[in-house]
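Visitor: next input, structure requested:
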Amino acid sequence: MTRTRRAMLAMLFVGLAIFSCLYTTQALLPTLVEQMGLSSTQAALTVSAATGALALCVIPASILSERFGRGRLLIVSAVGATLLGLVVPLAPNAALLITLRGLQGAVIAGAPATAMAWLSEELSATDLARAMGLYIAGTSIGGLTGRLVPTGIVEFSSWRWALFGSACISLFFALVCILLLPAQRNFTPKALRFGNELRAIVGHLRNRKLVELYLVAFLAMGTFVSMYNFLGFRLIQHFGLAPALAGSVFLFYLSGTWASARAGRLVQQIGHGKTLFASCLLFALGIFACAGPLPLVLLGIVALTVGFFAAHSTASGWVGHLATHDRAEASSMYVFCYYFGSSVLGAVAGLLFDALPWAGFIACYGGAALVLTGLTLTLRKNE
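Guide: Numbering: from 1, shown residues only. Below is the predicted model of the structure:
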């Protein structure tokens, strides 16, 4: 097996390991409300706490990677987070459950903080778009696994066993990553000078295109997570689906896997700007479709999932392409905005879901998606 192929497969398994444990409570939100007596807002915090801690720790993690290496941090993050996943099911109450999920998110931060920089440094420009697409595909499959496995287990057991079973699978993915990940060849350790790292980040914030891509990350991820957090409630409460059947909606993540891989090819054919605009427009249309009857909702879920993953794959790859220096800092800022959006907009979603009818909820997040689409027009013009 060539080094490039090993690197691509290793990053696939990084995505599988990290994302199968990051969102593992998302499919169980209605179950946590029922079995633990949580409010819908508290249940959503089991997701937002993990993504919020990840956002806060991703920049420090990227700085540490400049000294200790991307690969080492990737492995520590993947294994540490999946081992913590074995402890999360032992939480006796909601407060400790949310706290442990926050700690898990903090440990997870090392992987997304360094994955894009590792690929940008170690692979050729011709392989980078494809490798990035494969990594994003791994995140979508991992997200699917982390949702479907606990959804299946909870049908005949408790939420605790559901989370434990999912954590075991995540740990297996992390161990495979250790076996496959090649040693870095193009990494030179730096002394830890936080002032230099801060200047590098500020320098990237002077790049208008990068700032716009960071806003894309914030809006796209925050809106996407908010929709998936509460689609399960909608399917159960309004359409009368059983929890396991409602949870199977995460099978649509497979369409995101296809979209991530396809986006890399589209970028090579028509460019970053056109691909990103088309992806975000599809994302917005999919959200508005979720206001309709069940068949239209299901079609809308496919559309918003395809649009989101294509947009994320395109935007994250574009960051690596635009940042010709201090790539770890550029990537970490993208990841920070990505998960900060997930945490902030995802937490707000619980309040909106409790306060508004479903049509109002859709109007809020559909509006956010339209703003996102308008932002991509600016990026497209300046490509």
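Visitor: please enumerate the helices of the stretch 151-300 of the chain.
Guide: Assigned by DSSP state H, counting those that start in this stretch, the stretch 151-300 of the chain shows helices spanning 159-180, 194-205, 208-237, 243-247, 253-270, 272-289, 294-322.
Visitor: quick one: contacts of the first one?
Guide: Around helix 159-180, the neighbours that count as contacts under Cβ atoms under 8 Å, 6 or more residues apart in numbering are 6, 9-10, 13-14, 16-17, 20-21, 24-25, 28, 31-32, 35-36, 74-75, 78-79, 81-83, 85-86, 88-90, 142, 145-146, 149-151, 153-154. C-beta coordinates here come from the backbone N, C-alpha and C atoms, glycine included.
Visitor: ranking the helices of the stretch 151-300 of the chain by mean pLDDT, which is last?
Guide: Looking at the helices of the stretch 151-300 of the chain, the lowest mean pLDDT belongs to helix 194-205 (a mean of 67).
Visitor: re the thing from before, mind putting the helices of the stretch 151-300 of the chain in CSV, mean neighbour count and distance to Ala330 included?
Guide: Formatted as CSV, the helices of the stretch 151-300 of the chain follow (neighbours: other Cβ atoms under 10 Å; distance: least, Cβ to Cβ, whole Å):
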stretch, mean neighbour count, distance to Ala330
helix 159-180, 20, 23
helix 194-205, 15, 5
helix 208-237, 23, 6
helix 243-247, 19, 36
helix 253-270, 20, 18
helix 272-289, 23, 15
helix 294-322, 23, 6
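Visitor: from the contacts of helix 159-180, which land in strands?
Guide: Applying DSSP state E to the contacts of helix 159-180, no entry is found in strands.
Visitor: name only those of those that count as buried.
Guide: Neighbour-count burial (16 or more other Cβ atoms under 10 Å) applied to these gives 9-10, 13-14, 16-17, 20-21, 24-25, 28, 31-32, 36, 74-75, 78-79, 81-83, 85, 88-89, 142, 145-146, 149-151, 153-154.
Visitor: which ones among those residues map onto helices?
Guide: Under the assignment DSSP state H, the buried ones among the contacts of helix 159-180 contribute 9-10, 13-14, 16-17, 20-21, 31-32, 36, 74-75, 78-79, 81-83, 85, 142, 145-146, 149-151, 153 to helices.
Visitor: end to end, how far does stretch 85-103 reach?
Guide: End-to-end span of stretch 85-103 (Cα to Cα, to the nearest Å): 10 Å.
Visitor: contact partners of it?
Guide: Under Cβ under 8 Å, 6+ apart, the answer for stretch 85-103 is 21, 24-25, 36, 38, 42, 45-47, 49-50, 52-53, 84, 104, 159-164, 166-168, 170-171.
Visitor: kindly report the same for stretch 220-230.
Guide: Counting by Cβ under 8 Å, 6+ apart, stretch 220-230 makes contact with 26, 29, 40, 44, 47, 51, 250, 280, 283, 287, 290, 304, 308, 311-312, 315, 338-339, 341-342, 344-346, 348-350, 353, 361, 365, 368-369, 372, all of which sit outside it.
Visitor: repeat that for stretch 2-14.
Guide: Under Cβ under 8 Å, 6+ apart, the answer for stretch 2-14 is 1, 74, 78, 111, 115, 118-119, 122-124, 127, 130-131, 134-135, 137-138, 173-174, 176-177, 180-182.
Visitor: got a list of what Glu212 touches?
Guide: For Glu212, the contacting residues are Leu375, Thr378, Leu379, by Cβ under 8 Å, 6+ apart.
Visitor: quick one, what contacts the residue nearest to Ile301 when sequence neighbours are not counted?
Guide: Closest residue in space to Ile301, ignoring its immediate chain neighbours: Phe252 at 5.1 Å, by Cβ to Cβ, 6 or more residues apart in numbering. Phe252 makes contact with Leu298, Ile301, Val302, Thr305, according to Cβ under 8 Å, 6+ apart.
Visitor: try it again at 6 Å.
Guide: Phe252 makes contact with Ile301, Val302, Thr305, according to Cβ atoms under 6 Å, 6 or more residues apart in numbering.
Visitor: Arg130 too?
Guide: Counted by Cβ under 6 Å, 6+ apart, Arg130 has contacts Gly264.
Visitor: and the one 5 residues further on, by the same measure?
Guide: Contacts here follow Cβ under 6 Å, 6+ apart; on that basis Tyr135 touches Met11, Gly15.
Visitor: next, the angle from the helix or strand where it lies to helix 253-270.
Guide: For Tyr135, the enclosing helix or strand under DSSP states H and E is helix 125-153. Here the directions of helix 125-153 and helix 253-270 differ by 170 degrees (axes from the mean of the first three to the mean of the last three Cα atoms, to 10 degrees).
Visitor: count the residues that sit near the closest residue to Asn186 other than its chain neighbours.
Guide: Excluding its sequence neighbours, the residue lying closest to Asn186 (Cβ to Cβ, 6+ apart) is Glu121, at 4.7 Å. If you count neighbours by other Cβ atoms under 10 Å, Glu121 ends up with 17.
Visitor: mean confidence for the helix or strand where Pro112 lies?
Guide: Following DSSP H and E, the helix or strand that holds Pro112 is helix 110-122. For helix 110-122, mean pLDDT rounds to 80.
Visitor: counting contacts, what elements does that helix pack onto?
Guide: helix 3-22, helix 40-68, helix 70-85, helix 327-355 (3 or more Cβ pairs under 6 Å, 6 or more residues apart in numbering; DSSP states H and E).
Visitor: tell me which of these sits nearest to Arg234.
Guide: Closest to Arg234 of those, according to Cβ to Cβ: helix 327-355, at 8.9 Å.
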